[in-house]
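Trainee: Let's see this in three dimensions:
(4 chains)
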There are 2 protein chains.
Amino acid sequence: MFALDAETKAAEGPEHHRDELRLWLRLLTCTTMIEGEVRRRLRERFDVTLPRFDLMAQLDRAPQGLTLSNISKRMMVSNGNVTGLVDRLVETGHLERRAAPRDGRARLISLTPLGRAEFRAMAAEHETWIAEMFSGLGPGDVADLLRLLAKTKRSAAAAS
Amino acid sequence: MFALDAETKAAEGPEHHRDELRLWLRLLTCTTMIEGEVRRRLRERFDVTLPRFDLMAQLDRAPQGLTLSNISKRMMVSNGNVTGLVDRLVETGHLERRAAPRDGRARLISLTPLGRAEFRAMAAEHETWIAEMFSGLGPGDVADLLRLLAKTKRSAAAAS
DNA sequence: ACAAGATGTTTTAGGCTTAAAGTAATTCGG
DNA sequence: CCGAATTACTTTAAGCCTAAAACATCTTGT
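Mentor: Below you'll find the model as predicted:
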């Protein structure tokens, strides 16, 4: 084992991390492919963008509403980005802004009844799309990936 | 096995695919975290954006140059997007456009010596960042993920 | 040769995204 | 109580991104 590692390192030179780089590119390819297909179907079936869908998904899980900061943390995007998304979804009647109870700076964003109804319909179909795209994996594969990606997430978080 | 599956389905209701959805969200989280950190470091260390880095990476592997269509296929982004990226990198002296040998429609894009030198310096550091972010995984984990993500890629491609 | 279709690139309009700067409200130390 | 720091949100400037349409060139069938 030791000899093999030494040999491998010698053959590839020092400081090479090819496998991790390949892994990163493969991870990125998978995500880009699936995300692109989801984006395409959301537009085609519901004439909605993926960021709007993602925002509504966050709000659907929080019936009492969320502040903008909270949303931007959960979505891992900038504050200004969320401001614009909310603007457009308020404009279309899917979201509403109201004052936060005891903080004059904050505003609570929540789904309107229209927004909730439309989101639920989209989410049901979305879930079948995802299942379809992962249908080539067995239950064991899914479990393995869930575990390995949890580990990856911790590893990446430690480096940030 | 059969009884357990039937029970599980009955408990969750028909047509539910929770694990696949969780897997997709976890995949997306990992990618977003790593991508965000790479983006931040590229800006901080080299004052370059991730799309520009990705474009230069494609061209570094193809010394003879690539057409725009070819680039957009490899990067999985739209044609118009690549036009704009190339415009900006030609402007800064990193890329050059020249006529394709036997096709008057196509143009070959390639790195200038400046572009190549700058890319190589960035790429070396980039590779260590990636290795760092995946350092919480063992060699076996990396191999498992490479295999499972290859399977995921095939599965997603089949659904598109 | 020529029309029809395919392919390669650019343009356009609109939306997404970020970093950084700006505005407003709260909290906290003294 | 009050000024300083913090927190919440918005605005701005620049760039990224897509779909669709427009243009240009090549290929193919006849």
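Trainee: Centre-most residue in chain A?
Mentor: A:Met75 (6.8 Å; Cα atoms, centre = their mean).
Trainee: Quick check: that residue vs A:Asp54, distance?
Mentor: 6 Å (Cβ to Cβ, to the nearest Å). For glycine as for every other residue, the C-beta is placed from the backbone atoms N, C-alpha and C.
Trainee: need the residues of chain A near DNA strand C, please.
Mentor: Within chain A, the positions lying close to DNA strand C (Cβ under 7 Å from any atom of the strand) are A:49, A:51-52, A:76-81, A:84-85, A:88, A:103-105.
Trainee: Check those residues one by one and keep those near DNA strand D.
Mentor: A:79-80, A:84, A:103, A:105.
Trainee: all strands of chain A, in order?
Mentor: Here chain A has its strands, by DSSP state E, at A:66-67, A:95-100, A:103-111.
Trainee: if you compare those strands, which one is most tucked away?
Mentor: Comparing the strands of chain A by mean neighbour count (mean count of other Cβ atoms under 10 Å in any protein chain shown), strand A:66-67 comes out on top with a mean of 18.
Trainee: That strand near DNA strand D anywhere?
Mentor: Yes. Strand A:66-67 reaches DNA strand D (Cβ under 7 Å from any atom of the strand) through A:Thr67.
Trainee: Quick one: distance of that strand to the chain centre.
Mentor: Strand A:66-67 sits 18 Å away from the centroid of its parent chain (Cα atoms, centre = their mean, to the nearest Å).
Trainee: Stretch A:150-158 too?
Mentor: How far stretch A:150-158 lies from its chain's middle: 16 Å, per Cα atoms, centre = their mean.
Trainee: Would you pull up the residue in chain A closest to DNA strand C?
Mentor: Among all residues of chain A, A:Gly104 sits closest to DNA strand C, at 2.5 Å; criterion: Cβ to the nearest atom of the strand.
Trainee: got the residue ranges for the helices in chain A?
Mentor: Counting by DSSP state H, one finds helices in chain A at the ranges A:2-12, A:18-46, A:50-60, A:68-75, A:79-91, A:113-133, A:139-158.
Trainee: Dump those helices into JSON lines; add mean pLDDT as well.
Mentor: Output for the helices of chain A, formatted as JSON lines (pLDDT from 0 to 100):
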{"stretch": "helix A:2-12", "mean pLDDT": "52"}
{"stretch": "helix A:18-46", "mean pLDDT": "93"}
{"stretch": "helix A:50-60", "mean pLDDT": "96"}
{"stretch": "helix A:68-75", "mean pLDDT": "94"}
{"stretch": "helix A:79-91", "mean pLDDT": "94"}
{"stretch": "helix A:113-133", "mean pLDDT": "95"}
{"stretch": "helix A:139-158", "mean pLDDT": "94"}
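Trainee: what's the most buried one of the ones you listed?
Mentor: Comparing those by mean neighbour count (mean count of other Cβ under 10 Å), helix A:50-60 comes out on top with a mean of 19.
Trainee: Give me the contact list for that one.
Mentor: The contact list for helix A:50-60, computed with Cβ atoms under 8 Å, 6 or more residues apart in numbering or on different chains, reads A:35, A:38-39, A:42, A:65-66, A:71, A:74-75, A:77, A:81-82, A:85-86, A:88-89, A:94-95, A:109-111, A:115-116, A:118-120, A:122-123, A:126.
Trainee: Apply 6 Å and report the result again.
Mentor: With Cβ atoms under 6 Å, 6 or more residues apart in numbering or on different chains as the test, helix A:50-60 has contacts from A:39, A:42, A:71, A:74, A:85, A:110-111, A:119.
Trainee: For chain A, what lies in contact range of DNA strand D?
Mentor: Counting by Cβ under 7 Å from any atom of the strand, chain A sits next to DNA strand D at A:36, A:39-40, A:43, A:67-70, A:79-80, A:82-84, A:86-87, A:97, A:100, A:103, A:105-107.
Trainee: coming back round to it: closest to A:Gly140 among the residues of chain A next to DNA strand C?
Mentor: Minimum distance to A:Gly140 across those is 29.4 Å, recorded for A:Met76 (Cβ to Cβ).
Trainee: Including mean pLDDT and distance to A:Leu23, could the strands of chain A go into TSV?
Mentor: As requested, those are exported to TSV (pLDDT from 0 to 100; distance: least, Cβ to Cβ, whole Å):
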stretch	mean pLDDT	distance to A:Leu23
strand A:66-67	95	34
strand A:95-100	92	38
strand A:103-111	93	37
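Trainee: Please dump the ones you listed into TSV; it should also carry distance to B:Leu25 for every row.
Mentor: Output for the strands of chain A, formatted as TSV (distance: least, Cβ to Cβ, whole Å):
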stretch	distance to B:Leu25
strand A:66-67	17
strand A:95-100	21
strand A:103-111	19
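Trainee: And those strands: which comes nearest A:Arg154?
Mentor: The stretch from these with the least distance to A:Arg154 (Cβ to Cβ) is strand A:66-67; that distance is 25.3 Å.
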